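1. A structural model of the following input is requested.
(4 chains, ligands or ions: 4)
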Amino acid sequence: MYKEGRESRKAVELARDRVAKAIGAEPNEIYFTSSGTESDNWVLRGISTKKGKHIITSSIEHPAVLETCKDLEKKGYEVTYLPVDEDGLVSPQMVKDAIRDDTILVSIMFANNEIGTIQPVAEIGQICKSMGVPFHTDAVQAVGNVPINVKELNIDFLSMSAHKFYGPKGVGALYVRKGLRLSNFLTGGHQERGRRASTENVPGIVGLGKAIEIATSDIESKSAYLRKLRNRAIERIEKEIPYVKLNGHREKRLPGHVNFSFRYIEGESILLMLDLNGIAASSGSACSSGSLDPSHVLLAIGLSHEVAHGSLRLTFGRDNTMEEIDFVVDKLKEIVERLRFMSPLYEGVEKEV
Amino acid sequence: MYKEGRESRKAVELARDRVAKAIGAEPNEIYFTSSGTESDNWVLRGISTKKGKHIITSSIEHPAVLETCKDLEKKGYEVTYLPVDEDGLVSPQMVKDAIRDDTILVSIMFANNEIGTIQPVAEIGQICKSMGVPFHTDAVQAVGNVPINVKELNIDFLSMSAHKFYGPKGVGALYVRKGLRLSNFLTGGHQERGRRASTENVPGIVGLGKAIEIATSDIESKSAYLRKLRNRAIERIEKEIPYVKLNGHREKRLPGHVNFSFRYIEGESILLMLDLNGIAASSGSACSSGSLDPSHVLLAIGLSHEVAHGSLRLTFGRDNTMEEIDFVVDKLKEIVERLRFMSPLYEGVEKEV
Amino acid sequence: MMYSEKVIEHFSNPRNVGEIPDADGVGEVGNAKCGDIMKMYLKIVDDVIIDVKFRTFGCGAAVATSSMATEMILGKTVDEALQLTNKAVADALGGLPPVKMHCSLLAEEAVKAAILDYKKRKGLVIDDSLAACEGCCDACYHKQDNEEEHEE
Amino acid sequence: MMYSEKVIEHFSNPRNVGEIPDADGVGEVGNAKCGDIMKMYLKIVDDVIIDVKFRTFGCGAAVATSSMATEMILGKTVDEALQLTNKAVADALGGLPPVKMHCSLLAEEAVKAAILDYKKRKGLVIDDSLAACEGCCDACYHKQDNEEEHEE
Ligand SMILES: Cc1ncc(COP(=O)(O)O)c(C=O)c1O
Ligand SMILES: Cc1ncc(COP(=O)(O)O)c(C=O)c1O
Ligand code: FES
Ligand code: FES
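-> Ligands and ions are numbered 1, 2, ... in the order given. Predicted coordinates:
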């Protein structure tokens, strides 16, 4: 056990070093968790409550943050849900205005999972720092896609999830700036320097460490490549398919991420047709499988229910080629046409044209 | 995504069926978690609080239960920690006497991780049922080692952890009897039928399912074999090494589990020496690595600090042979002698002899 | 989401898509807000459904149940068609995931709405049970078979 | 627990184990309740430590630091031996895990206690700094370098 334990420990600490390096933190500021959701829960539920019980977040957070805030409201917390503009951007000024004496946390996601919009994290971090309020960012979608330096960006807590940067499922991490105190979320044994109980998921942690190293090592060139694919997809879809709307900010968005609304048709049908053509995409909220409600994010950026239902998210990875993008767009064109022919909503439009 | 998702879902549901079958439950009573610790936290923190805030547990629970109870006490809960006798047994009568009108949960572990004692779960289950109090058992050590049927034993919640039955680390499960309500612990997306958020750890869950199937399929013959190894180890150690004490109940104990106190010497030294001889064992609380305090379990069964420090746990698995047991005992004899020669506490004893 | 082969097959090759310009009965149920609309056209001669077409805005299950429902009522009398239950449609498709059962309800409602329209036009007696789903019924809130809380 | 090779080596083959029946100074520190006791025997001629033996009840680090401490003071004068710090012992062992630093403190204390005993026997002047650890000091509570809560 000792020898084996020693090797496991070394492997875990190497992974910790890699995570720290990837986001500009110190190894002792990194804690391993079982998921992005746990990291988010830990911060929101663990933040010390001496100053009060007011939390600021946005209306487009992932359910891991949003549902936890709803739960905290039932437990006597007060939560301000900041609106976003039609591109999905949170306004730093609004964050500033929302901060009160009893505000204990600002939690604004780094990049949105559905519409891809990247928030003005640096500005928000600066505001929080100058006003003495801890700043948490759910960076589950951002890590490995966007360069991140927690010190430069004044981030106090940062959540990540391995499977979003090609690591294994069921393992995540939380960055906690040195000196900041969170009460424990999973209580029990003394793992993770007494901060998180449970036998360590050693293979998961090792996988996370290796994955983050790979994902962040060539991030600039990878991003540039993904942006090229993305822009091509956007350009062709907007030119070749009528009645579409790009969701999320046109430039301030994840490099390999596209989200479109296709009027008159429904997202799941598009998805299923793409799937039958061997193309993986997602509609609605991909992380919260099981829920079929129209996405709160799409509604928050001002889409009607009807249009929100007809939305589709495509994400590209480093292994995708330009030819594949073209193939997807070609198929998409056919599918949209076919589904529109089937749609009673399109009947009128069809005739007008 | 759809096709892949479909296959993942099937694999997860197969694992759920296997877990259910292994403990005599229905598949829709099984929820996957990230660890035994999470399962324990979920029950203790999630139990509905309409009746009151009183919880009954024992003084020898794993920290995942004990520390969580301590935390709940800070939050206004009242917890009764039942003592155990010198064999580590909880008295069902004491459980009965401790139940009050505002008792919302009885949480007594199935088998203890340190001393191996198996609790009178059936009696406690019967009492809880007749008095209308939900009964949770931390069965992390028991699953795969002892036959368990949750219906026959009147268990309402049961925690397990895959790595304890040769499954992967970082995945666990919780059985929740149909009709019983727990509030969510990890909030966010709608995974696990809306009860536990986080992208499912599909490989972990698949591993857990396969492991529990294997571990419970031949449980009777496996147990009989492990008991043979265990009894041999106990017999030889008691006969050949002076000043030893078997900890935990002699018969009501995990089949492959031995715990001895060796007077005048310290546990970690024994452990390290065994390790240098290629033998894995553990001293103190194995699950809560990082803690060096003398085990609360050994103190609870009445050992002095000094004796508790000199304790060693050996666990055998289905792959161990009788020859290996003999090898371990032979080495142990040498090691104990050597460390006693080094010990200032033994000086007097040595001379007396 | 686990769709049966049959659902996938009807979704990929839906039968009877389109409209009947001179239909004898047209029914539309659901609404776009809910993410499901079904429109059903019937051609009826001597109380027998001799042609049927549909258009659906909705998920894979909505398309498949529309398609299956049209197949199941084609050639039937109006009264036979009224016997069509959502369960029968779902069964014919080899079952539907629990969260998708409301889509089969929509298909049943669409058939009823089209027949209601036909009966109205003909001045026939209208049974109470024919009051079709007009707006957004509870099914839209996707209640699952457990106590899961609803995400706003 | 990550022990250095040097710690393992001293633990496996501890130097100077045993007792000196006619010792000139004997020191014992720690207590069994804490899980660590160190007993140190010194043979001193002309203020020079010419023999040293120890017995230790304790963890691997306790054994290794005892062993290393005896090596480091053998042949030294009493005053030189008093300069021995726990840090020097730990460094000589290639470092110790943070939770084990208190064990090296125990070794420093044991040396001091034995020298105190020697000085007392000889009627020499006793420095304040020589008041050795007698019972259970804070170090026993295994405070780690973070705010970790203590498990009762
Ligand atoms: C009895 C008992 N309960 C709970 C746990 C915690 O399980 P995990 O380490 O999977 O969180 C353990 C240790 O593994 C245990 O032995
Ligand atoms: C932005 C965001 N936050 C949190 C999560 C939750 O992560 P996990 O599924 O690892 O719990 C996700 C989805 O994976 C996400 O996209
Ligand atoms: S309108 Fe959606 S199911 Fe009735
Ligand atoms: S007696 Fe334990 S360190 Fe002082």
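
2. can you give me the helices for the chain?
-> As the question left the chain open, I've gone with chain A. Using DSSP state H, the helices found in chain A span residues A:2-23, A:36-46, A:63-74, A:92-98, A:121-131, A:191-194, A:202-217, A:219-240, A:267-276, A:296-300, A:305-309, A:322-342, A:346-352.

3. I was after chain C.
-> So, for chain C - with DSSP H - the helices run C:5-12, C:60-73, C:78-82, C:86-92, C:101-122.

4. Deepest-packed of those, please.
-> Mean neighbour count (mean count of other Cβ atoms under 10 Å in any protein chain shown) peaks for helix C:60-73 among those, with a mean of 27. In short, each C-beta sits where N, CA and C put it, glycine included.

5. Is ligand 3 within reach of it?
-> No. Remark: helix C:60-73 sits outside contact range of ligand 3, by Cβ under 6 Å from any ligand atom, the gap being at least 9.3 Å.

6. Which residue does the stretch 51-200 of chain A have closest to ligand 4?
-> Going by Cβ to the nearest ligand atom, ligand 4 is nearest to residue A:190 of the stretch 51-200 of chain A, at 19.6 Å.

7. Could you report the neighbour count for the residue nearest to residue A:204 when sequence neighbours are not counted?
-> Distance criterion Cβ to Cβ, 6 or more residues apart in numbering or on different chains; nearest residue to residue A:204, sequence neighbours excluded, is residue A:171 at 3.4 Å. Neighbours of residue A:171 under the rule other Cβ atoms under 10 Å in any protein chain shown: 32.

8. mind checking pLDDT for residue A:171?
-> Per-residue pLDDT puts residue A:171 at 97.

9. List the contacts of the closest residue to residue A:166 other than its chain neighbours.
-> In this structure, residue A:166 finds its nearest non-sequential neighbour in residue A:211, 5.1 Å apart by Cβ to Cβ, 6+ apart. Residue A:211 makes contact with A:144, A:162, A:165-168, according to Cβ atoms under 8 Å, 6 or more residues apart in numbering or on different chains.

10. Would you tell me which of the helices of chain C gets closest to residue B:94?
-> Judged by Cβ to Cβ, the one of these that comes nearest to residue B:94 is helix C:101-122, at 49.5 Å.

11. And the closest one, what does it pack against?
-> Helices and strands touching helix C:101-122, as assessed by 3 or more Cβ pairs under 8 Å, 6 or more residues apart in numbering or on different chains; DSSP states H and E, comprise strand C:25-31, strand C:36-45, helix C:60-73, helix C:78-82, helix C:86-92.

12. Can you lay out these as TSV showing distance to ligand 4?
-> Compiled in TSV, the helices and strands packed on helix C:101-122 are given as follows (distance: least, Cβ to the nearest ligand atom, whole Å):
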stretch	distance to ligand 4
strand C:25-31	75
strand C:36-45	72
helix C:60-73	69
helix C:78-82	87
helix C:86-92	72
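
13. how about CSV for these, with distance to residue B:327 and mean pLDDT added?
-> Shown next, in CSV, are the helices and strands packed on helix C:101-122 (distance: least, Cβ to Cβ, whole Å; pLDDT from 0 to 100):
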stretch, distance to residue B:327, mean pLDDT
strand C:25-31, 73, 89
strand C:36-45, 69, 93
helix C:60-73, 62, 93
helix C:78-82, 80, 93
helix C:86-92, 63, 91
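
14. for these, which one sits closest to residue D:112?
-> The nearest among the helices and strands packed on helix C:101-122, by Cβ to Cβ, is helix C:60-73 at 80.1 Å.

15. ok so, going back, can you pull the phi and psi angles for the residue of the stretch 51-200 of chain A closest to ligand 4?
-> The phi and psi values for residue A:190, taken as degrees, to the nearest 10, are phi -100, psi 30.

16. which stretches of chain C have low pLDDT?
-> Scanning chain C for pLDDT under 70 picks out the ranges C:1, C:127-152.

17. Can you pull up the most central residue in it?
-> Closest to where the C-alpha atoms of chain C average out (Cα atoms, centre = their mean) is residue C:107, at 1.3 Å.

18. about what we covered before: mind checking the backbone torsions on the residue nearest to residue A:204?
-> Note on residue A:171: its backbone torsions stand at phi -150, psi 140 [degrees, to the nearest 10].

19. Please report the distance of it from residue A:19.
-> According to Cβ to Cβ, to the nearest Å, residue A:171 and residue A:19 sit 11 Å apart.

20. Which neighbours do these two have in common?
-> Common neighbours of residue A:171 and residue A:19 (Cβ under 8 Å, 6+ apart) are residue A:208.

21. interface residues of chain C facing chain A?
-> For chain C, the residues in contact with chain A (Cβ under 8 Å from any Cβ of the partner chain) are C:3, C:8, C:11-12, C:14, C:17, C:19, C:28, C:32-39, C:55-60, C:62-63, C:99, C:142, C:144, C:150-152.

22. One more pass at 6 Å, please.
-> Residues of chain C lying near chain A by Cβ under 6 Å from any Cβ of the partner chain: C:17, C:32-33, C:35, C:37, C:39, C:55, C:57-60, C:99, C:142, C:151.

23. need the contact list for residue A:88.
-> Contacts for residue A:88 (Cβ atoms under 6 Å, 6 or more residues apart in numbering or on different chains) come out as A:60, A:112, A:115, A:117, A:248, A:301.

24. Throw those into TSV and include distance to residue A:345, thanks.
-> Below are those laid out as TSV (distance: Cβ to Cβ, whole Å):
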residue	distance to residue A:345
A:60	26
A:112	27
A:115	23
A:117	27
A:248	24
A:301	21
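
25. Now narrow these to whatever sits close to ligand 4.
-> By Cβ under 6 Å from any ligand atom, no member of the contacts of residue A:88 lies near ligand 4.

26. Which of the residues you listed sits closest to residue D:50?
-> residue A:112 (75.7 Å).

27. mind checking how far the closest one is from ligand 2?
-> Distance check for residue A:112 against ligand 2: by Cβ to the nearest ligand atom, to the nearest Å, it reads 7 Å.

28. give me the number of residues near that residue?
-> Per other Cβ under 10 Å, the neighbour tally for residue A:112 reads 31.

29. which non-adjacent residue is nearest residue C:59?
-> What sits nearest to residue C:59 in space, not counting adjacent residues and going by Cβ to Cβ, 6+ apart, is residue A:268, at 3.9 Å.

30. Please apply the same query to residue A:311.
-> Using Cβ to Cβ, 6+ apart, the closest residue to residue A:311 is residue A:261 (4.6 Å).

31. hang on, isn't the one you found packed against residue A:310?
-> Yes. Assessed by Cβ atoms under 6 Å, residue A:261 is found in contact with residue A:310 at 5.4 Å.

32. Pick out whichever of those two has more residues nearby.
-> Higher neighbour count among residue A:261 and residue A:310: residue A:310, with 32 against 21, using other Cβ under 10 Å.

33. pLDDT score for the more buried one?
-> Residue A:310 carries a pLDDT score of 88 in this model.

34. That one contacts residue A:262, correct?
-> Yes. Shown here, residue A:310 and residue A:262 form a contact pair, counting by Cβ under 6 Å, at 4.9 Å.

35. quick revisit: which single one of the residues of chain C next to chain A is nearest to ligand 2?
-> Looking across the residues of chain C next to chain A and measuring by Cβ to the nearest ligand atom, the closest to ligand 2 is residue C:151, at 14.3 Å.
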